[in-house]
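here is a sequence with its predicted model. Questions after.
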Amino acid sequence: MPSAPRILFVADLNFYAKGYSRLASLKRLGAEVEAFSHTPIGGDEAGHPSFSLLFRFAWKLGIHMDTEAVNESLPEKAKAFAPDIIWIEKGNMVRPRTLMALHDACPGAIIASYSEDDMYNPINRSLAYQRGLKHYNVVFVSKSFNADKEELPSLGAKVCMAVDKAYDSEQHLPIEVSTEDRDAYGADVGFIGTYAPERGVDLMFLAENGISVRVWGNGWDEFRRTHPNLNVEKRALVNRQGDLRYSKGIAATKINLGFLRKINRDLQTDRSIEIPACGGFMLAEYSSDHARLFADGREAVFYLNLEDLLEKTRYFLDHDEEREKIAVAGRVRCENSGYSHDARMAFMLEAALKQRPS
C-alpha cells in the first residue's frame with residue numbers, strides 16, 4: 001500500500017459501529033483521513049440510533065433519508081480535500097448524481113463502496129444504492145455470493161470483491177473480567193445478536209434440554225416463549241468507549257454461540273471473528289466460510305443440527321481444559337491469519353488503488 005494515501009471516509013462513526021473500527025485502522029495504517037458520519041451519533045445502549053416514523057416509512061418505499069446532509073456536503077469536501085480514495089460504507093442515502101458529482105470534482109480519485117450486509121437482498125438496499133452501483137470504481141462486500149456475476153454485478157457493479165469479516169484489535173481482545181463482570185454479562189452458554197425466528201427455536205431447544213442460556217440483543221421482544229433456563233435480556237450488549245461490555249460478555253461466557261442469519265444468507269458474521277479474537281470459545285453453525293476461517297475442533301467448534309448442537313454444548317460444558325485450549329487457538333488464528341480490520345483495510349486499499357482511473 002502506498003504511504004499516506006488520502007482518504008475521504010464516509011461511514012457510521014458511532015463507537016459501536018464497525019465503521020469506527022475501520023477508521024481507526026486507517027489511521028494506524030498511516031493514511032491521511034478526513035471522515036464524517038452518514039449516520040446520527042447516538043444510541044449507545046441499543047447499538048443503533050433511533051429514527052423517526054417518517055424515516056422508517058420512507059425506508060419501506062426504498063428511500064434512505066439523508067439525515068446528515070451527505071449529498072450536499074460530500075462533493076464540496078471531496079473537492080477541498082483532493083482524496084486518492086472516496087470510501088463510502090453502504091451509502092444507501094448517497095444518490096447517483098452525488099457520485100457523478102464526485103467523479104467530476106475528483107476525476108483521479110477512486111470511489112469505493114463497502115458493505116457488510118447482503119446488498120443483493122432488496123430489504124438491505126435503497127433505490128439510490130442500486131442505481132448508484134455503476135458509478136463506483138470498486139465495490140467491496142462481506143457476502144461472497146454478492147460478488148457473483150448474477151448478483152451485484154448484474155445491478156451495475158463494475159468491480160466487485162469479497163472480503164471476510166474482521167476484528168478490532170483495540171476492542172476485541174482477551175481481557176480479564178471481574179466477578180462483577182461475570183455476574184453482569186456472563187453465562188454458561190450465551191448468544192449476542194438480533195432476534196430471528198430460527199434463533200429462538202435453537203435457543204429454546206437448548207433450554208428445554210437442560211442448558212442454561214443467556215441472550216443479548218435487539219428485537220427479542222418478538223420472542224414470546226419463556227423457559228426457566230432461558231434468560232432473554234431483550235437489550236443490546238455493545239462496546240462503549242471506556243466500557244468494553246460486549247468483549248466482557250464474550251470473555252465471561254463459557255460457550256459463545258455463533259448463529260447465522262438465514263434472511264441474510266450468512267456464511268459468516270461479525271461474531272464469527274470477534275468471538276475467537278476476544279479469546280472466547282465459539283460453538284457456531286457449520287458453513288463453508290466457518291470451516292475455512294477456523295479449524296473445526298481445534299480453533300472453534302461447528303455443529304450441523306440441533307442434536308449436534310446439544311451434544312457439543314453438553315460436552316464442552318463438562319470439559320473446561322479442552323474448551324479453553326480451543327479458545328486460545330482461535331485467538332492465535334485471528335492474529336496469525338490477518339483477520340484484523342488493519343489487515344483487511346490494507347488489502348482493500350491496495351486493491352482499490354489498482355482501480356485508479358487512467
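Right, received. Where do you want to start? Residues are numbered from 1 along each chain as shown.

pLDDT on the helix or strand containing Val189, on average?
Applying DSSP states H and E as the criterion places Val189 in strand 187-192. Taken as a whole, strand 187-192 carries a mean pLDDT of 97.

any idea how far stretch 53-69 is from the chain center?
A distance of 22 Å separates the centroid of the chain from that of stretch 53-69, by C-alpha atoms, centre = their mean, to the nearest Å.

do the same with stretch 197-210
24 Å.

buried residues, that stretch. List them.
Neighbour-count burial for stretch 197-210, counted by 16 or more other C-beta atoms under 10 Å, picks out 199-200, 202-204, 206-207. C-beta: built from backbone N, CA, C; applies to glycine.

what pairs with Arg216 across the strands?
Not quite, residue 216 is Trp, not Arg. Residues in a beta bridge with Trp216, per DSSP bridges, are Ile192.

doesn't Ser21 lie inside a helix?
Yes. Counting by DSSP: H, G, I helix; E, B strand; the rest coil, Ser21 is located in a helix.

can you give me every residue that contacts it?
166, 168, 170-171, 341 (C-beta atoms under 8 Å, 6 or more residues apart in numbering).

and the furthest pair within the buried residues of stretch 197-210?
Arg199 and Ala207 (12.5 Å; C-beta to C-beta).

for the nearest residue to Phe81 once chain neighbours are set aside, helix, strand, or coil?
Excluding the flanking residues, the one nearest Phe81 by C-beta to C-beta, 6 or more residues apart in numbering is Glu34, at 5.0 Å. In terms of secondary structure, Glu34 is strand; the call rests on three-state DSSP.

thinking Glu34 is in contact with Ala78, fair?
No. Using C-beta atoms under 8 Å, Glu34 is not in contact with Ala78, being 9.2 Å away.

so which of the two has more stuff around it?
Taking other C-beta atoms under 10 Å, Glu34 and Ala78 do not tie; Ala78 has more neighbours (23 against 14).

I'd assumed the more buried one was in a strand, is it?
No. Per three-state DSSP, Ala78 lies outside any strand segment and is helix.

and it, what does it touch?
Residues in contact with Ala78, defined by C-beta under 8 Å, 6+ apart, are 8, 86, 102, 105-106, 109.

same question, Gly210
Gly210 neighbours (C-beta under 8 Å, 6+ apart): Asn229.

geometric centre of this protein: which residue is closest?
Geometric centre of the chain, nearest residue: Asp270, 4.3 Å, by C-alpha atoms, centre = their mean.

give me the number of residues near the residue nearest to Gly42 when sequence neighbours are not counted?
In this structure, Gly42 finds its nearest non-sequential neighbour in Pro49, 4.7 Å apart by C-beta to C-beta, 6+ apart. As a burial measure, Pro49 scores 16 neighbours (other C-beta under 10 Å).

Pro49 and Asn14 touch, don't they?
Yes. The criterion here is C-beta under 8 Å, and Pro49 meets it with Asn14 at 7.2 Å.

residues shared between the contacts of the two?
Common contacts of Pro49 and Asn14 (C-beta under 8 Å, 6+ apart): 39, 41-43.

the stretch 201-350 of the chain: helices as residue ranges?
For the stretch 201-350 of the chain, the helices defined by DSSP state H, counting those that start in this stretch occupy 245-251, 270-277, 288-293, 306-317, 320-336, 341-353.

distance-wise, check Gly258 relative to Leu26.
28 Å (C-beta to C-beta, to the nearest Å).

and if you look at Glu68?
From Glu68 to Leu26 the distance is 20 Å (C-beta to C-beta).

kindly report the same for Leu244.
Distance of Leu244 to Leu26, given as C-beta to C-beta: 21 Å.

give me the domain ranges for the protein.
With domains defined by automatic domain parsing, the chain comprises 6-166+340-353, 179-336.
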